[in-house]
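1. Below: sequence and its predicted model.
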Amino acid sequence: MGELILCGRPIAANPYYEEELSVNIYSLEELSYYIFHNVYLLNADFMSVDLCRWIGRELSMKELSEEMLVLLRDNVPLHIFVGKVLNASGYLSATEIRDTVEIIAAFENKSDAERKKIRADRLLEKKRVLEAIYEYEDLLSSDENAGGRLVGDIWHNLGTAYGRLFLFDESYACFKMAYQKNHRRQSLRSLLFACRLKGDEEKLEETIHFFQVPPEEVKIVLAEVEHASESKEILRFSDEIDRLRASYSEQSAYRGTLNNILERWKSDYKALCRVKT
């Protein structure tokens, strides 16, 4: 789970497999940790007979298992079901439990489209970029999204996801649709960023003219791109490459080091494109 968790209750011989993040869970404490750190990814599927029976069978917590099965049969809201698990665990503080339950309750009160968007946004935050793209596209293809700022915001975040994969043509198309729907300044700026980053000066000028972008806005975007290209991280990397070049007497050794760097980049990119099953 990424950190040491002190468990005060039995550890399961057979773990519960949580499909959402493809993880095995061995204790009630680990289950609480999972809920707390993935609260926006939870949905009604989390409430399952299998989970209830696993708690009774593998953790020897038969009373809790029966109580959860009753909640399931009564079709209680997700936040009540989750609250039962968190309170039984004792892993989280009372404040953490309250905050988690309140987040889930607020999430449940949103429209289906809003819930799906929050879920996709969370996937993007967790760098599960391709999965987020699938979620956004599925959301946009549904009949319920006929217009409005929410749709524009979905297009905007879809453009952000494509941008993180360096697919700037797709990103540009999304930001253009976003601005036409939500008329947000950030979507307009992102549209110009996409033009600039894909190096299409003609498209940039065309976009500025089409949307009648004020000169001061254009200056801000160009200045931010220029600033990013001269950031401390980029300059430090450039200096490091120069140092490596100077320190190697053989070109083959230098190329080998560069290849290792490229392989790490490729690995990072593949991770962004990975879909967990």
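-> Cool, got the structure.
2. Tell me the pLDDT of Met1.
-> At Met1, the predicted lDDT confidence score is 43.
3. Over to Ile104?
-> pLDDT, the model's per-residue confidence, is 91 for Ile104.
4. again, but for Tyr179
-> Model confidence at Tyr179, expressed as pLDDT, equals 95.
5. Hmm, Arg189 and it touching each other?
-> No. Between Tyr179 and Arg189 there is no contact under C-beta atoms under 8 Å: 9.3 Å. No exception for glycine: its C-beta is placed from N, CA and C like everyone else's.
6. Who has more neighbours out of those two?
-> Tyr179 (23 against 18; other C-beta atoms under 10 Å).
7. Figure out the helix or strand that Lys84 lives in.
-> Secondary structure from DSSP states H and E places Lys84 in helix 78-89.
8. Residues touching stretch 99-113, excluding its own?
-> With C-beta atoms under 8 Å, 6 or more residues apart in numbering as the test, stretch 99-113 has contacts from 35-36, 39-40, 42, 77-79, 82-83, 86, 92, 115, 118, 139, 142, 144-145, 150.
9. meant to ask about stretch 212-227, not that
-> Identification of contacts with stretch 212-227 by C-beta under 8 Å, 6+ apart yields Arg185, Leu188, Arg189, Leu192, Phe193, Arg196, Leu197, Thr207, Ile208.
10. what's the closest of these to Trp265?
-> Top of the list for closeness to Trp265, among these and by C-beta to C-beta, is Leu197 at 17.1 Å.
11. per-residue pLDDT, that closest one?
-> 88.
12. was I right about Leu204 contacting Leu197?
-> No. Leu204 is beyond contact range of Leu197, at 10.1 Å (criterion: C-beta under 8 Å).
13. Any regions of the stretch 51-200 of the chain where pLDDT drops low?
-> When the per-residue scores of the stretch 51-200 of the chain are filtered using pLDDT under 70, the ranges that remain are 143-147.
14. out of Leu204 and Leu197, which sits in the busier spot?
-> Higher neighbour count among Leu204 and Leu197: Leu204, with 22 against 15, using other C-beta under 10 Å.
15. buried ones in the host helix or strand of that one?
-> Per DSSP H and E, Leu204 falls inside helix 201-210. By neighbour count, and taking 16 or more other C-beta atoms under 10 Å as the criterion, the buried residues in helix 201-210 are Leu204, Thr207, Ile208.
16. ok, now which ones touch the last one?
-> Looking back up the chat, that one is Ile208. Applying C-beta under 8 Å, 6+ apart, one finds that Ile208 lies in contact with Leu192, Val218.
17. same check, this time on the first one
-> The neighbours of Leu204, taking C-beta under 8 Å, 6+ apart as the test, are Leu192, Cys195, Arg196.
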